[in-house]
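[1] Quick one, fold the following:
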Amino acid sequence: MSAPATVCPRCAHPAVENVFTSPVPGAWDVLQCRQCFYMWRTCEPARRTRRDSYPDRFTMTRADIEGAIEVPAVPPLREPTG
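    The predicted structure follows:
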């Protein structure tokens, strides 16, 4: 497994937190950015885990985050069928 990210792949914020570790030692960690809340597993490909490989069209700046119109709401749960 590669070294953990030192900055968020999406917004380059330096505060990245380990929120979960695999029950299999050394398999993966789940990391989360404290600014944009992006989450990823350390075992994912570089295009999801490394700032220099993250797709430009999905990167964010602090201004993008602060200027966001709204955070999408989570829709209500559907009633079970059948």
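[2] hey, let's count contacts and neighbours off CA atoms from now on
    Noted.
[3] Where in the protein is the helix or strand with the lowest mean pLDDT?
    Using mean pLDDT, DSSP states H and E, helix 62-66 stands out as the lowest-scoring helix or strand of the chain, at a mean of 92.
[4] For that helix, output the C-alpha coordinates as CSV.
    Provided in CSV are the C-alpha atoms of helix 62-66 (Å, rounded to 0.1, in the frame of the first residue of the first chain):
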residue,chain,number,x,y,z
ARG,A,62,-11.8,26.9,-1.0
ALA,A,63,-13.7,29.6,-3.0
ASP,A,64,-15.5,26.8,-4.9
ILE,A,65,-16.6,25.3,-1.6
GLU,A,66,-17.6,28.6,0.0
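[5] Who are the packing partners of it?
    Packing partners of helix 62-66 (3 or more CA pairs under 8 Å, 6 or more residues apart in numbering; DSSP states H and E): none among the helices and strands.
[6] Just give me how far that helix sits from the chain centre.
    Distance, stretch centre to chain centre, for helix 62-66: 16 Å (CA atoms, centre = their mean, to the nearest Å).
[7] for that helix, which positions count as buried?
    Buried residues in helix 62-66, counted by 16 or more other CA atoms under 10 Å: none are found.
[8] Give me the contacts around it.
    By CA atoms under 8 Å, 6 or more residues apart in numbering, the list of residues contacting helix 62-66 from outside reads 11, 36.
[9] Kindly recompute the last result at 10 Å.
    The contact list for helix 62-66 (CA atoms under 10 Å, 6 or more residues apart in numbering) reads 11-13, 35-36, 68, 71.
[10] Show me which of the residues you listed are buried.
    Among the contacts of helix 62-66, those buried by neighbour count (16+ other CA under 10 Å) are 11-13, 35-36.
[11] Would you map the strands across this protein?
    In the chain, the strands defined using DSSP state E lie at 16-21, 29-33, 39-41.
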